[in-house]
Every structure is written in C-alpha cells, then in structure tokens.
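*Asks:* No sequence on hand, only this structure:
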C-alpha cells in the first residue's frame, strides 16, 4: 500500500512525498527479506532521483536493484540495466553507457521483453546520435520500430519516428525527415498525446521553413501554437485536480493519524492500569520493602549511567569547541601570509573561500555529529583554500566507498588537523608537486578514514620540526586524540588513529598515511 501511494505521488511529480512512502514500503520489505519487492523499490527510488536530476543517487539505487535482480534472476533485469546506461549517457560517460546498453541487449535475449527492447534501441539511437554516428543511430531506431510493432505499441513507434525525423533533419535530409515526423504526428493524434503533437507540429514548421515553404511553415506553426495552448490548459486542469486530491489525501491522513493516536492513548492508559494492578498484587504477595529497595537501586543506577553519558557528551562538545578557535587562528595566519605574498586581487578570492569555510565551520559547531558528505564539503573548501595559499603546490582527491550511507556521521573537524599536517609538514617541504588522497570506507562495524600524501615522510618531517629554534606544539592533534578517547568511552567501541610511513622495496620514502578507525555512527 505504501509503495502504491508512492507511485501515485511520483506520477504527480510530488517527489518528496513519493520518496517518503517508497522508503516506508522499503523498510517493511527489508525486514521481511522480500528481495523481489526490495529490488522494485530500489528501482522506483532510482527513477525518482533521476527525475530530480540527482544522477549520483539514482545510480546507487539502480545498482542496488541490479545486484538483487541478478541474484534472484529477475526477468526485468534488462530494464534496470538500461536505466543505468541512461544515467551514464546523461552524464556523458559514453563508454559506460555503451557497456550497460550492450549488457541489457544480451539480457533481453535471455528474458524477452519487446517493449523494454524497443526502449533500449531508442536509447542506442540517442547514444549513436550523441557520438556523431547517425547511420548506426538510424539502424537501431529501425530495430526499435520492429520491436514496438510486434506488440502494437503505437506510443513507442510514435517516439521512434520522431527520433528518426530529428536525425534526418540534422543531416538536412528534409524530405525523409518530413515523412518520419508526419508518421509520428499521425500516431500521436490517434493516441491523443498532446505533448507529442506539439513537438511534431513545431518540427514540421521548422522543416518547411528550411524548404522555403512559408505557407506550410506558418500553417504548422499555428497548429503548434494551438497544441501548446492545449497542453498548457490540460496541465493546469491536472494541477488543479492534483492539488484538490492531495488536499483531500492529506486531510484524511491527518484524521487517520489523529484517530490512531487516540486509540494508542486509550490502549496505553488501559495497559498502564493493568500493569499497576499486577504490580500492587506482587507488592502485597512479595516483600514490599525488598522490592522498593531494588527499584530504588535500579533508579539510582540509571541516573548514574545517564549522568555519565551526558558528561561524556559535554566533554566531547568541549573538545570540539576547542578546535574552532585553533582552526580560525590557523586560517587567519594563512590569510595574513597570503595577502603579503599575493596582493589584493588574489587575497579577495582567498577571503571569499575563507568566508565560505567559516560559514560551514560555524554551522557545524553546534552539532556533535555531522554527515560524512558535510565533512567532505568542509575538507574540499579547506583544501581549495590551501591550494590558493601555496600556489597549487599540490593536488587532492576525496572519495568514499559505495557502502557509505547518507546518514553515516562523524564528529566535525576531526580530519582537518591531519590534512593540515600533511600539507604543512609533508608536501610543502617537498621540492616537487605533491598529492593528497582522502578516502572514507567501511570495514565490518567500523568507519575507516585515510589521509595519504606523497610528501617527505613522517620521520623526516619530525627531524625538521625538532631542528627549528621554536617548535610549535600541535594542540589540534592532542585535542583530536582526546576526542577519539571520548568517542571510544561513549560508544564502548574502538576509536584510534594510526600513522604509517610509506616506503618502497628499497626503503625509499614515498609519503605518509594516516588511518582513523572509528565506530560507525548515524545522524539521529
């Protein structure tokens, strides 16, 4: 039922509500281990994200769907594979798009589906059109017509003829384009598809204009204008009906929720009364003083544990708040030196990035935990700032594993001190251009964060620091270690940091790798 409601909202382009109900349905199917239904919902959620232009999220859900379908040998696996190819095509990753289209074609041989095959050939046509191979595009579009004709899918045939007309128009083969677009228009009129009629009339007007047939061009432009007005009118009516239906739905849903809360309240009160009666009977049967003493001890223990937990959280926040002035102090020092070295124009650009970074830092300062994506955004801004400061002395890359979920979290500004050390003490003393790679992944119940650089190495950096007249004490690293200790204490799970010097077979220093092993936590 939740899944069906989600599909209705998706058809109405109410993507937020659609996701809400699709995810409700998904949780139930995941709990009951219904893999087939889980795959369908992953696919539906992927389609919603694709409609919103969120290709990265759409791709992740399509891939989840594909893995399950391959496992259970689902007959619709070819359609999901085509969807993945469409995402890659939209991202202009033509090699990947072709790979998945080819795989889908093989799957449709194994699991025949004429409509799915027709859509695949249409997508092949678009691929060949975008990669400047019109002859191959026309061949695959002809195959699409054969597939759609086998099931009398006039809607698909109309679409395909329109695509063929587009390619002929692009090649300036106006007569062939005219024939194809007219076929598309005829089917669209027969099916009453106003949007397709509008597109076809517009294209016909353009073709006749190129043929210098002004009267026919004007005639079809007028028909295009009429179709366009009809589409707008129909959409306004649909929007009005949709708004009314959604209002009624929300109203009924609110009433149902209110009734459910009342029933739960009555049940809760009844249950409480029964429990109280049982407790009183037990109190009279058993030794009252013994039970009261036990309850008192349990309450005291609970209070103590609660206080310990709150104390740990406050200590964690206090350590985080110590990081903010340290971070701001370092950035202000960077700005000062940057202005002296680079002048006004570069300094303005630097200050702009710095202000953005400060806004992010202030935003996160109120939170004990932030999503991993937010930490990545903060690190991205910081590294871009340091690139400006040191005149592109280094390149960087930030990546995360496929198993990283959207609501996985970690304490803010936890990685920044290690990144700062990698730049200042690892890469800057190096004579050539350096690189920093930051990666987030999971291993069993742990979140693994790695910061790897190809700088001068940990031991060499330590020697240089010790040789200086005034050695700077690393407050940030000390605070970070305390934060890890507090995290370990509050979660009762391992939280540590390991610093490894990278060497090759000949003991040549290749750089430094910092590995943070953290318990997986989520935004509550």
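*Replies:* Looks like it arrived, so ask away. Note that the coordinates shown come from a computational prediction; the quantities given were computed from them, not determined experimentally.

*Asks:* What is the burial count for residue 126?
*Replies:* 19 (other CB atoms under 10 Å). In this view, the C-beta of every residue, glycine as well, is placed from N, C-alpha and C.

*Asks:* What's the separation between residue 248 and residue 21?
*Replies:* Distance, residue 248 to residue 21, by CB to CB, to the nearest Å: 16 Å.

*Asks:* what about those two, which has more around it?
*Replies:* Using other CB under 10 Å, the more surrounded residue of residue 248 and residue 21 is residue 21, with 19 against 10.

*Asks:* After the helix or strand where that one lies, which helix or strand is next?
*Replies:* In the assignment (DSSP states H and E), residue 21 maps to helix 15-31. On the C-terminal side of helix 15-31, the closest following helix or strand by DSSP H and E is helix 35-51.

*Asks:* ok, and what's touching that following helix?
*Replies:* With CB atoms under 8 Å, 6 or more residues apart in numbering as the test, helix 35-51 has contacts from 3, 6-7, 10, 13, 15, 18-19, 22-23, 25-26, 29-30, 55, 57-62, 64-65, 68-69, 71-72, 74, 79-80, 83, 86-87, 90.

*Asks:* what comes up buried for it?
*Replies:* Using 16 or more other CB atoms under 10 Å as the test for burial, helix 35-51 gives 35, 37-50.

*Asks:* Pull the distance from it to the chain's centre.
*Replies:* 14 Å (CA atoms, centre = their mean, to the nearest Å).

*Asks:* quick one, whichever helix or strand comes after it and helix 35-51 angle?
*Replies:* Proceeding N to C from helix 35-51, the next assigned helix or strand is helix 55-72, under DSSP H and E. With axes from the mean of the first three to the mean of the last three CA atoms, to 10 degrees applied, the angle from helix 55-72 to helix 35-51 works out at 160 degrees.

*Asks:* Quick one: list the elements packing against helix 55-72.
*Replies:* helix 35-51, helix 77-90 (3 or more CB pairs under 8 Å, 6 or more residues apart in numbering; DSSP states H and E).

*Asks:* Any idea which of the ones you listed gets closest to residue 491?
*Replies:* Residue 491 sits nearest to helix 35-51 of all these, at 29.4 Å, using CB to CB.

*Asks:* could you check the angle helix 77-90 makes with the closest one?
*Replies:* Angle of helix 35-51 versus helix 77-90, following the same axes, to 10 degrees, is 20 degrees.

*Asks:* now helix 35-51 against helix 15-31, angle please.
*Replies:* Using the same axes, to 10 degrees: helix 35-51 against helix 15-31 is 160 degrees.

*Asks:* Would you mark the buried spots in stretch 207-227?
*Replies:* 207-208, 217, 220-221, 223-224, 227.

*Asks:* Please read the previous query as pertaining to stretch 347-357.
*Replies:* Within stretch 347-357, the residues that qualify as buried are 347, 350, 353-354, 357, counting by 16+ other CB under 10 Å.

*Asks:* before we move on, what about stretch 371-384?
*Replies:* So for stretch 371-384, counting by 16+ other CB under 10 Å, buried means 371-372, 374-379, 381-383.

*Asks:* on that earlier part again, what comes into contact with the helix holding residue 21?
*Replies:* 1-3, 5-7, 9-10, 37-38, 41-42, 44-45, 48, 51-52.

*Asks:* re the thing from before, got a quick ChimeraX command for the buried subset of the contacts of helix 35-51?
*Replies:* Under the burial definition 16+ other CB under 10 Å, those of the contacts of helix 35-51 that qualify are selected in ChimeraX by:
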select :3,6,7,10,15,18,19,22,25,26,29,55,58,59,60,61,62,64,65,68,69,74,79,80,83,86,87
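
*Asks:* can you pull out the helices in the stretch 251-400 of the chain?
*Replies:* For the stretch 251-400 of the chain, the helices defined by DSSP state H, counting those that start in this stretch cover 288-365, 372-389.

*Asks:* Dead centre of this structure: give me the residue that sits there.
*Replies:* In the chain, the residue lying closest to the centroid (CA atoms, centre = their mean) is residue 57, at 3.8 Å.

*Asks:* What does the pLDDT read for that residue?
*Replies:* Here, the pLDDT recorded for residue 57 equals 89.

*Asks:* How about it, nearest residue that isn't a chain neighbour?
*Replies:* residue 49 (4.3 Å; CB to CB, 6 or more residues apart in numbering).

*Asks:* For residue 56, see how far away that neighbour is.
*Replies:* 8 Å.

*Asks:* Look at residue 299 and say how many residues are nearby.
*Replies:* Neighbours of residue 299 using other CB under 10 Å come to 10.

*Asks:* pLDDT score for it?
*Replies:* In this prediction, residue 299 carries a pLDDT score of 83.

*Asks:* Could you do the one 5 residues further on as well?
*Replies:* Residue 304 is assigned a pLDDT of 69 by the prediction.

*Asks:* and residue 448, what element?
*Replies:* Going by DSSP H and E, residue 448 is in strand 446-453.

*Asks:* Dump the buried residues of stretch 371-384 into a markdown table; add pLDDT as well.
*Replies:* Shown next, in a markdown table, are the buried residues of stretch 371-384 (pLDDT from 0 to 100):
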| residue | pLDDT |
| --- | --- |
| 371 | 92 |
| 372 | 92 |
| 374 | 90 |
| 375 | 90 |
| 376 | 92 |
| 377 | 90 |
| 378 | 87 |
| 379 | 91 |
| 381 | 88 |
| 382 | 87 |
| 383 | 91 |
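
*Asks:* give me the low-pLDDT residue ranges for the stretch 151-300 of the chain?
*Replies:* By pLDDT under 70, the weakly predicted segments of the stretch 151-300 of the chain are 234-235, 238-247, 249-250.

*Asks:* what sits against the residue nearest to residue 149 when sequence neighbours are not counted?
*Replies:* Excluding the flanking residues, the one nearest residue 149 by CB to CB, 6+ apart is residue 157, at 6.5 Å. Listed by CB under 8 Å, 6+ apart, the contact set of residue 157 reads 145, 148-149, 187.

*Asks:* Can you tell me how far residue 157 is from residue 134?
*Replies:* From residue 157 to residue 134 the distance is 20 Å (CB to CB).

*Asks:* And the next helix or strand past the helix or strand encompassing residue 482?
*Replies:* Residue 482 belongs to helix 475-491 when assigned by DSSP H and E. Of the helices and strands lying after helix 475-491 in sequence (DSSP H and E), the nearest is strand 496-503.

*Asks:* Flag every buried residue along that following strand.
*Replies:* Quick answer for strand 496-503 (16+ other CB under 10 Å): 497, 502.

*Asks:* what packs against that strand?
*Replies:* So strand 496-503, by 3+ CB pairs under 8 Å, 6+ apart, packs with helix 458-467, helix 475-491, strand 509-519.
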